[in-house]
Each structure stands twice: as C-alpha cells, then as structure tokens.
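Trainee: when you get a sec, could you give me coordinates for this:
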Amino acid sequence: MKPVSLVGAGPGDPDLITCKGRHVLEQADAVLYDHLANEALLRLAPPHAELLYVGKKKSVHAFTQEEICRMMIERARRGLAVVRLKGGDPFIFGRGGEEAETLAEAGIPFEIVPGVTSPLGIAAYTGVPLTHRDHTSVVTFVTGHGVAHIDWDKVGHAETLVIFMGLTTFAEIAHEVIQRGRSPETPAMAVRWGTRRDQETIVGTLATLPDLIQRRGLKPPATIIVGEVVRLREKLNWFERLPLFGRRIVITRAREQAGSLGEKLGTLGAEVLELPSIEIVPASDYGPLDRAIADLGAYEWLIFTSVNGVRFFLERLDASKCDLRALRARICVIGEATKSAIESLHLKVDLIGEEYVAEGLIQAFHDIDVKGRRILLPRAAAARDVLPRSLGDRGACVDVVEAYRTVVPEKAGQRATEIFGSGRKPDWITFTSSSTVQNFVRLAGTEVLGGIKVASIGPVTTATARKLGIDVAVEASVYTTGGLVEAILRASV
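Mentor: Residues are numbered from 1 along each chain as shown. Predicted coordinates for the structure are as follows:
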C-alpha cells in the first residue's frame, strides 16, 4: 500500500511549493485539494490523476472532514498514490494533524510534506519580517475562531501577533487586546491572498484596522499581523512595487505556449489569466507531409515559420523510415525561438529574417537564387500565402504542406465567461497571432474588450485585430513575447 501524502501547497504563489511537494504531485493517482491550494499546482499531476475539490469556505463545505478522510482511506486501500493538497502547511491550522491521526488509526501509511505557511509567505511578500532584532524576538500564531476561548492576557501582548482566519472577528479581537493594555496605536495589517499577484493589503493600527477592513470590503482568506514590525513595510515592500503589480493580463495563446509569456509577466508582478483561444492539433491529413519526408533529400531549402512547425515535422519524421540524415536542405526560420528549436537538434540555421514575419523572410531571400529550387514549407493549415507566392513568382518550386492545425479549445467559451463576466475586468489582453484574435472574437465578441487595453505581438496580428474592429493600444517593436512584455511595460509606467 502506498503512503498517503499530506502536502503543503504553500501560501498561494504556486512557485513556492517545495521540491518534495512537486515530486509527490507528479506521481499522484488522486489529488484531494483545498480552496486555499492554488489550482495551477494541479497541472503537475499526471493526466490520469483524479482531481477532487474538497475545499472549505466559511459555511460552505464541499465535503465534511469525515468524508474527506474516508475518500483518502478508500483510495489508499485500492493501491492508489493519494495526495492531500492543503494550503500553507498541513500542521499549521490546516487540520493535517487530525487527518494524520485518522490515517494512523485506519492502518494507512502516510507522510507529511511541509509547506510554506501563509504568515511566512506574507511576511516575505509584504516586506514585514515577523522577527527583527530591533523590534521583536517573539512571534505568536493564533486562530481567530472562538475568540472567547483564547487567553488574550497571554496572547495579546506577543511582540508579533499573527492571526489566522480572524478577518470577520478582528474587531472583537482588537477590542480584547486593547482592553488588556496594548496600545491602540500598535501597527496592524490584513493581507488577502498573500504572495499571489492579486495580493491585497490594508495597513492601519489595532484601533483603525477593523473599520478599514469593513470599508474596503476585504473578504477571506486573509491573515492579520499585529506588531511594530509592520512599520518596516514602508521600507521593505518590494513585491507590490513591481512595475506590473495589480495589473490583470489575459494571455490568449495556446496553453502549452503560454508558460513563457506568463512567467515574464508574473515576474513583473502581473496577475496572469490564461484564456487559450487556440489549441494546436495534428494535421487533418498527413499524406502530403509524409510524402515530402519520404523525398526529403530532394529539397534544397526547408523553411520553418514557427516552433510548432518544427515539432510536428519532427514527429512525422520519427514516424517515417527516415531520420535527420536524409536532410540535405539548407534551413531557414522565422524568429529566435524557431532558431533555438532547430539548434536543439544540433542543426545549423542558414537563414533567418531580420523581422519575425513572412516579409522578413522574403527580404532574407532577396539575394538568393531560388529559380528551379525545391523548397519545403511545413506549416499551419491556415496561414498567409505571401511567402510561398513570392518564392514561386521567382521560379522556386514550393511545396506547402500542412503540419498542424489550430482549433478553438473545447472549454474556451466557459473560461472567457469566467474572466470577462466577473466583477473586475482585466487591464490588458495580449494577442500573439492572427488566429488568437480571430478565435477570441468568435468566443467572446469585441464588446467585452471595452475599457481593456490590447497588446499585439506584431503588425500582422495588429492588422487582423483592427480589421475586426479592435483598437490596439500597443504593438511590440520586436515581434517576440519579450517584445510584447516590453511594450506593455512602456505603456504602464
């Protein structure tokens, strides 16, 4: 029988899970996850893994604690690798102790994988150290549930007081603490969704913070920190000063390609909302590409206009009787990313356009004699014909073959409703190809973009957007995801 893993998901930012936690998730057959565990972590689980939401919000429980324990035990007895994914750390107000006791009593082996508990994450991401030589050498953690059952004479005078789950009871807690002699002017702050890109912080004092929480309408989950260390936030608050902090930015490119752009934006503080408007799928008919691969040695040029073109070409090459030794052609690519994909195969790129569009390749071929040359261009099913037409007009024999297709993802409409139907609109939406623009308009229309700035990766994408009635606020000067981020940055400062 495999041990059940009680795993701390960390304070909110999915990158803050431990290496051990990541490894366990990658081996899971079943994941029972809480409301406070970032759902991005579920992508670490294998495709076959059963994902069960068992979270608890105030007065809204998906399952009782007894039911959760029964589900873990039942799956463990079936020989499954069970992960119980809990926000923060399992043993810090996470009921991990209760669940471990139940597993032990049932004879189920288990392991505890600790996580970064929310106060530690909040301290780091708000610039408020929980300990400091000049301010405090004592930290006390307390739950805000059951205020009347806590000895505030002992707890209330802790130099740094951290209150879990105390947002709705903080007015009562502050009253109890002040009544026992602590200064009403003691600095205090409340932090919602600490370490996430939508982190929300309210700073006040013991006397003023309850009213500030009410006026701002702050909702759980939130953690409260009371003590002189809160004063250090003004000096040490690095996270909320990131240039894109507080900006909500929608990424519309395919899910498997969204990671690099999302990581760049997230590093700058943006809250990234993935809305894949395209999905990369195999060609509808691989006959033309397979025949071209069978005759690969006859081509004098091989042109790739995307990383996807490289990937699907290689998949069909692997499925054939040929391999890279059959390749005699010189290689031409659009862009540094496609160049890197070729170089990862230990192949050299002979030609690259200065601009990452088809017109850039036309210019690159300007001084090259292509008359009578056989050229293979594996690409998406629907793409602009400007390059093959230009080469053909100069006498080249260009075989354009379908290597892959782009389609609208199955649940994209539902995701669009979640993003644009919520109370707070995104600040930006990014488009990285004409397909992402066209598919987005099919999904959501153009009306939802009112008040939202549009960022385009280049002139071809911009032209498509404007043709569909979308106003483009910024366009990348370098037609890459890095250039797109730079354009948004310039417009945000």
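Trainee: which residues touch Ala455?
Mentor: Ala455 makes contact with 428-431, 472-476, 484, 487-488, 491 under the criterion Cβ atoms under 8 Å, 6 or more residues apart in numbering. No exception for glycine: its C-beta is placed from N, CA and C like everyone else's.
Trainee: repeat that with 10 Å
Mentor: Contact partners of Ala455, counting by Cβ atoms under 10 Å, 6 or more residues apart in numbering, are 249-250, 428-432, 461-462, 472-476, 484-485, 487-488, 491.
Trainee: repeat that for Thr102.
Mentor: Contact analysis of Thr102 by Cβ under 10 Å, 6+ apart lists 65-66, 68-70, 72-73, 108, 110.
Trainee: can you say which of the contacts of Ala455 are buried?
Mentor: Among the contacts of Ala455, those classed as buried by 16 or more other Cβ atoms under 10 Å are 249-250, 428-432, 461-462, 472, 474-476, 484-485, 487-488.
Trainee: what are the ranges of the strands in the stretch 251-400 of the chain?
Mentor: 271-274, 279-282, 301-304, 330-333, 351-352, 374-380, 397-407 (DSSP state E, counting those that start in this stretch).
Trainee: quick one: distance of whatever helix or strand comes next after the longest one to the chain centre.
Mentor: Put plainly, it is strand 397-407. Downstream of strand 397-407, the next assigned helix or strand under DSSP states H and E is helix 412-420. When distances are taken as Cα atoms, centre = their mean, to the nearest Å, helix 412-420 is centred 16 Å away from the chain's centroid.
Trainee: so Cys69 sits against Arg84, correct?
Mentor: Yes: Cys69 lies in contact with Arg84 (Cβ atoms under 10 Å); the separation is 9.4 Å.
Trainee: neighbour-wise, which of the two wins?
Mentor: The residue with more neighbours, out of Cys69 and Arg84, is Arg84; 30 against 22, by other Cβ atoms under 10 Å.
Trainee: any stretches of the stretch 51-200 of the chain with poor pLDDT?
Mentor: Within the stretch 51-200 of the chain, the ranges that satisfy pLDDT under 70 run 57-61.
Trainee: try 90 this time
Mentor: Low-confidence segments of the stretch 51-200 of the chain (pLDDT under 90): 55-63, 94, 133-137, 145-146, 148, 154, 156-158.
Trainee: common neighbours of Cys69 and Arg84, please.
Mentor: Counting by Cβ under 10 Å, 6+ apart, the common neighbours of Cys69 and Arg84 are 4, 32, 99, 103.
Trainee: domain-wise, how is this protein divided?
Mentor: 4-115, 120-241, 248-278+409-492, 286-401 (automatic domain parsing).
Trainee: let me see the mean pLDDT of the last one.
Mentor: Mean pLDDT, computed over domain 286-401, is 91.
Trainee: first-to-last residue distance for that domain?
Mentor: In domain 286-401, first residue to last residue: 9 Å (Cα to Cα, to the nearest Å).
Trainee: for stretch 194-213, same thing?
Mentor: End-to-end for stretch 194-213, by Cα to Cα: 16 Å.
Trainee: residues of it that come out buried?
Mentor: Buried residues in stretch 194-213 (16+ other Cβ under 10 Å): 194-197, 199-206, 209-210, 212-213.
Trainee: same question, stretch 439-456
Mentor: 439-441, 443-444, 448-449, 452-456.
Trainee: helix/strand/coil for the closest residue to Val454 other than its chain neighbours?
Mentor: Counting by Cβ to Cβ, 6 or more residues apart in numbering, Val472 is the residue found nearest to Val454 once chain neighbours are left out, at 5.0 Å. Classification of Val472 using DSSP: H, G, I helix; E, B strand; the rest coil returns coil.
Trainee: tell me the pLDDT of Val472.
Mentor: Reported pLDDT for Val472: 97.
Trainee: Arg255: which of the shared contacts of Cys69 and Arg84 is nearest?
Mentor: Among those, Leu32 lies closest to Arg255 (Cβ to Cβ), at 24.1 Å.
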